[in-house]
Structures are given as C-alpha cells and as structure tokens.
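Engineer: Just a sequence and a predicted model for now, questions to come.
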Amino acid sequence: MKVRNLVGNTALAAICLALVIPILLYEFPFLVGADSSYTVMSGSMSPALRPGDLVIVKGEEPIDIGDIVTVESGEFTYTHRVVEKLEGDMFRLKGDANEEPDPNPVEASQIMGKTVFVIPLGHLYSPYGYTLSFLVPCVLLVGKQMYHVFSLFKRRSKRELRRWRRQKHPVLDTTSVLLLLILVMSGSWLIAPYFQLGSFSYFSDSEWAEVTFTAGQWMIEVMIDIDPDTLNLGSQGTWITVYANITLSEDYNASDVDVSTIMLEGIIPADWGDVQEENLFMAKFNRAFVIDLVGEGRKDGDVVTLTVTGKFRDGISFQGSATIKLKE
C-alpha cells in the first residue's frame, strides 16, 4: 500500500512540476536566459504554433530565413516566420498557415526577438486536454474525499473502532494536496485566454459546437472599413484591404474567423487574411478583380457600396458593408 501511494504521489508531483515550470518561465523568462515570453493567441502559425502554446523569446539574436520571430507593431504583437531578407535591414514575414507573406515588411528594430523554444500548451484547449488536465484530477479528488467521508461513518466493531481511532486520518493528505495543486494550475492555463481576449474561443466541447450549430441561422453584423477608400480604376496595385471589426459581437473575436469563407459581394474570395488585433480581422482581395466588378458602367466620383460576408469557424455567418469612391 505504501509503495503504491509513493508511486502515485511521485507521478502527481511530476505532473505538478510540469505545470509549474511553464508558469515560472512565463513570469520569469530570464531563468532560461531569454528576454520575454508570450502566449500564442491565433492560428496563423499552425501547425508549428497552436493557440495556447508558450513561446520563449530571446532578443539580440542573429535573424536568418526560417526563424520564428516576435514583432511589436504599435499596440499589436504577433509571431511569424522570416521568409525573406530585404535591403536596409528589413525582413519579410509570413504565418505558416497563411497562403501569402505579410504585405508589409518589418524593420529589425520592430523585432523583439527570436523564438528559442516553445512549450506546447495548446493541447490543453482541446477536449482530451481538458479531460486529462482538469476533469480527471477533479474526479479523483472528489472520489477520494467521498471515500474519506464514507470511512468516517462506516460501522465497525469495538476493536476495529479503537484501532481506527488510534490511526491518523487527515482531511487533506499528500495525494489530495497534489491533486488540488494540479486542478489550480491547469485551471489557470485554461482560463488564461478569457482574461487576455475576453472569450473562451480556444476551447469548445462537442456539446457547445452542437448548440452553436443549431443557432447557425443568425447573421452577425460587423463593422467594415475598406482601404483605400478611393479606388483608382487605372491603378496597377495588387490588393484591396478590408478590415472587419467584430466588436459588435460579444461571443466572437477575430481569431474565430474562417478566412476561406470570406467573400466580397458574394463573388470575389479573399486571397488571404490574418488577425490584426483581438477584434480586428484583415482580408486581402485582388484589386484587378474588384475593379472589374465595380468599374463597369460607372464614372469618376461614383460611390459604390460593397458587402463582405463570411463565417466563423463554428458556421455562424457574418456580414458588413462599406462604401468606396471611384476615381478614373
């Protein structure tokens, strides 16, 4: 019995240690010689980085093609891979899950550092991760306490009762304390996206998916901004950029958008898109296709309303409209 308890407690202590180490590295990255640490919040780097993964970043490192770097652009911080070195100490980046590189190169001064290693915590935001890290310890802890309560009221003979009273019966033994620690630490990682993004979008079980599927008749309105707001019909540019602001919905954010479903006027698909901020999603459309769509039969100074539609990853649709002025 003692050997079995020792083996069990050792295994639980190892699990606690595996959960404590990421917390320490997140708060104190200098312990491993790094400068900063970040939690991945979008799927633009899948499958290399998943939402929930912890990236450890070290600054003042030589940057080569293929390195994963963290960039600070205004109030927005993101992690992408270097795909090209440009003149003037500039770099072209790309998310592994994106079809095209980022439209704007970044300066070396914007790069906060290179990812030196990744702690894969994204598995926590899945049904099996939730079960293993939270539900299993919870069930074991509750079961152990129920057994303790049962033993208090178990009927015993007078001899057994005297022997039982001489024994120690702590309310929380080592095993219970370790299970409680595992619950607290795994729970802190599971609810972290809620405090950072205001939603539980990185974890959903089958029941939640089923409920949102039955509500798929809804159409969520989003705020649309088109760049440029004046379209030169003779322009030879590459892209028309559409920004979708999802602040009108409390249940979704930019990371929930399925870029493959985004359409302009139900005809032109988005070439690619990416999360810009918590509630801001950017999509790129081929400028030549847009000019062919809106330019025919119109003249200089006309104002055209364009509608953008798409779906979130759970199938709920969204749409938004904005105007653009034509110029010959």
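Structural biologist: Everything's here; your move.
Engineer: can you count the residues close to the closest residue to residue 120 other than its chain neighbours?
Structural biologist: In this structure, residue 120 finds its nearest non-sequential neighbour in residue 53, 5.5 Å apart by Cβ to Cβ, 6 or more residues apart in numbering. Yep, even glycine has a C-beta here, placed from its N, CA and C like the rest. Using other Cβ atoms under 10 Å, residue 53 is surrounded by 23 other residues.
Engineer: What residues does the closest residue to residue 46 other than its chain neighbours make contact with?
Structural biologist: Nearest residue to residue 46 in three dimensions, chain neighbours excluded: residue 97, at 4.6 Å (Cβ to Cβ, 6+ apart). Under the criterion of Cβ atoms under 8 Å, 6 or more residues apart in numbering, the neighbours of residue 97 are 43-47.
Engineer: Which of those residues are buried? Put it as a ChimeraX command.
Structural biologist: A single ChimeraX command selects the buried members of the contacts of residue 97 (16 or more other Cβ atoms under 10 Å):
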select :43,44,45,46
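Engineer: Go through the contacts of residue 97 and name the one nearest residue 295.
Structural biologist: Nearest to residue 295 among the contacts of residue 97: residue 44, at 32.5 Å, using Cβ to Cβ.
Engineer: Now do the same for that closest one: its pLDDT.
Structural biologist: With respect to pLDDT, residue 44 scores 83.
Engineer: Then the one 4 residues further on?
Structural biologist: Looking at residue 48, its pLDDT is 86.
Engineer: before we move on, back to that, how close does the residue nearest to residue 120 sit to residue 273?
Structural biologist: 21 Å (Cβ to Cβ, to the nearest Å).
Engineer: again, but for residue 61
Structural biologist: Applying Cβ to Cβ to residue 61 and residue 273 gives a distance of 30 Å.
Engineer: Widest-spaced pair of the contacts of residue 97?
Structural biologist: 44 and 47, at 11.4 Å, using Cβ to Cβ across those.
Engineer: so what sits against both of these two?
Structural biologist: Taking Cβ under 8 Å, 6+ apart as the criterion, residue 44 and residue 47 both touch 96-97.
Engineer: so the residue nearest to residue 46 sits in a helix?
Structural biologist: No: counting by DSSP: H, G, I helix; E, B strand; the rest coil, residue 97 falls outside a helix, being coil.
Engineer: Quick one: residues contacting the closest residue to residue 44 other than its chain neighbours.
Structural biologist: In this structure, residue 44 finds its nearest non-sequential neighbour in residue 95, 3.4 Å apart by Cβ to Cβ, 6+ apart. Neighbouring residues of residue 95 by Cβ under 8 Å, 6+ apart: 44-45, 80-81, 102, 274.
Engineer: Quick check: buried residues in stretch 291-304?
Structural biologist: Buried residues in stretch 291-304, defined by neighbour count with 16+ other Cβ under 10 Å: 291, 294-295, 304.
Engineer: Reformat the residues you listed as TSV; add secondary structure and pLDDT.
Structural biologist: Shown next, in TSV, are the buried residues of stretch 291-304 (DSSP: H, G, I helix; E, B strand; the rest coil; pLDDT from 0 to 100):
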residue	secondary structure	pLDDT
291	helix	83
294	helix	81
295	helix	73
304	strand	87
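Engineer: just the helices in the stretch 51-200 of the chain please.
Structural biologist: Counting by DSSP state H, counting those that start in this stretch, one finds helices in the stretch 51-200 of the chain at the ranges 127-130, 136-153, 158-166, 174-197.
Engineer: low-confidence ranges in the stretch 1-150 of the chain?
Structural biologist: 1-2, 4-5, 8-9, 12, 15-20, 23, 74-75, 123-135, 145, 148-150 (pLDDT under 70).
Engineer: in it, which spans are strands?
Structural biologist: 36-39, 54-58, 68-73, 76-86, 90-94, 106-107, 111-119 (DSSP state E, counting those that start in this stretch).
Engineer: Of those strands, which stretch is the most buried?
Structural biologist: strand 54-58 (a mean of 21; mean count of other Cβ atoms under 10 Å).
Engineer: which neighbours does it have in its sheet, and in what orientation?
Structural biologist: strand 36-39 (antiparallel), strand 111-119 (antiparallel) (DSSP bridges).
Engineer: As CSV, the ones you listed with distance to residue 224 would be great.
Structural biologist: CSV is the format used below for the strands paired with strand 54-58 (distance: least, Cβ to Cβ, whole Å):
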stretch, distance to residue 224
strand 36-39, 29
strand 111-119, 31
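Engineer: Those strands: which one's closest to residue 321?
Structural biologist: For residue 321, the closest of the strands paired with strand 54-58 is strand 36-39, at 34.4 Å, according to Cβ to Cβ.
Engineer: got the contact list for residue 228?
Structural biologist: Residues near residue 228 by Cβ under 8 Å, 6+ apart: 240, 324.
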